[in-house]
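A.B. asks: just the structure for this:
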Amino acid sequence: MEYIMLFIIGVCATTVGTLAGGGGFISFPAMLILGMPVHSAIGANKVSNTISSFSSFFHLYKKKEISLKESFWIIPVSLGGGLSGGYIASKISGEHLFIIAVILLIFAFVTSFKGKGSFTGENHLKMDKFSIPGLYGIGIYDGLFGPGQGTLMFYLFGFLKISYIQAVGLVRLATFSSCFGAAISYIAAGKIIWPLTVALMLGSLTGAQIGVRIAEKLKPQYVKPVLRIVTVALIIHMVVDQVF
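C.D. replies: Here you go, the predicted structure:
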C-alpha cells in the first residue's frame, strides 16, 4: 500500500512542481507521515526530482520549445549558487534561514502584483545583469533552504519576459542541476531506501509528463494566479510548520 501511496504522492507533487514550483511541500511531509526517515525522504526527493525534472525538460527540448545552447549555462550558475548556499547555511541558524525564506516568498508575492512580467513575452534567456545574479541568488537560496526555489525562478523568468512554456523548461533544467549533486551525495551515503524511492520516482516521472502537457495548454494570464496560490500555500505551510 505504501508503494501505491508514494506513487500517487509523486504524481501530485511533481505535477504541481512542474506548473508552479513548490512540489516538495507536498512530497516531503507526506513521506515523513508514511514513516520514512528524514534523510531517506530528502534523498528520495532528490533522486526522483533529478530524473523527473530532466524528463520534462527533455520533452520540451525535443519539441524545440527550448534551446540547449541558450540554457546550458544555467547548470554551472545554479550549481555554484547551491554550493555557496550550502556553505552559508553552515554558518546561519535554522531560525534565520526560516526568516530569509519567508521574506523572499513574501517579496516575490508582492512584486508579482507590481511587476509587468506576465509570461506573454517572447524573450530568450540571456546572460545579463539580471539573469546571472537572479539565478545565482536563487541557487544560494536552494542551498540555504530549498523549498520554493522553483516558484522563485518562475517569478524571475516572468520578470525577464520569457514565455511560460520556456520558463517551465528552464526551471526544470535548474532543478535537475541542483538535485543531481545532492542525489549522488545521498546515494553515496547509503541513505536511499530504493524500493520506496523507485515508487516515488515512477510517480514523479508520471507527474512531470502530466505537468508539462498541462503547461503547454495553460494560458499565460492564468500563470500568475496559479503562482500566487502556490506562494501563499508555501508561506502558510512554513509558518504553521515552524509554529507547531
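A.B. asks: contacts and neighbour counts: CA atoms only from here.
C.D. replies: Fine.
A.B. asks: which element is the residue positioned nearest the centre of the chain on?
C.D. replies: The residue lying closest to the centre of the chain (C-alpha atoms, centre = their mean) is residue 150, at 3.3 Å. Residue 150 belongs to helix 149-159 when assigned by DSSP states H and E.
A.B. asks: list of residues touching that helix?
C.D. replies: Contacts to helix 149-159, defined as C-alpha atoms under 8 Å, 6 or more residues apart in numbering, come from residues 17, 20-22, 105, 108, 112, 115-119, 131, 134-135, 138-139, 141-142, 164, 167-168, 171, 175, 227, 230-231.
A.B. asks: show me what the helix or strand of the chain with the lowest mean pLDDT is packed up against.
C.D. replies: Within the chain, no helix or strand scores below helix 94-114, which has a mean of 75 by mean pLDDT, DSSP states H and E. Secondary-structure packing of helix 94-114 (3 or more C-alpha pairs under 8 Å, 6 or more residues apart in numbering; DSSP states H and E): helix 149-159, helix 223-243.
A.B. asks: mind listing what's buried along stretch 225-233?
C.D. replies: Going by neighbour count (16 or more other C-alpha atoms under 10 Å), the buried part of stretch 225-233 is 227, 228, 230, 231.
A.B. asks: now the helices for the protein?
C.D. replies: 2-20, 24-33, 38-62, 68-71, 74-89, 94-114, 131-144, 149-159, 164-188, 194-217, 223-243 (DSSP state H).
A.B. asks: what packs against the third one?
C.D. replies: In this structure, helix 38-62 packs against helix 24-33, helix 164-188, helix 194-217, with contacts taken as 3+ C-alpha pairs under 8 Å, 6+ apart.
A.B. asks: quick one: low-confidence parts of the protein?
C.D. replies: 89-90, 93-94, 97, 114-118, 143-147, 242-244 (pLDDT under 70).
A.B. asks: what residues does stretch 128-138 touch?
C.D. replies: Contacts for stretch 128-138 (C-alpha under 8 Å, 6+ apart): 74, 77, 78, 80, 81, 82, 125, 149, 152, 153, 156, 160.
A.B. asks: looking at those residues, which is nearest residue 39?
C.D. replies: residue 82 (18.3 Å; C-alpha to C-alpha).
A.B. asks: any idea how far residue 195 lies from residue 161?
C.D. replies: For residue 195, the distance to residue 161 equals 42 Å [C-alpha to C-alpha, to the nearest Å].
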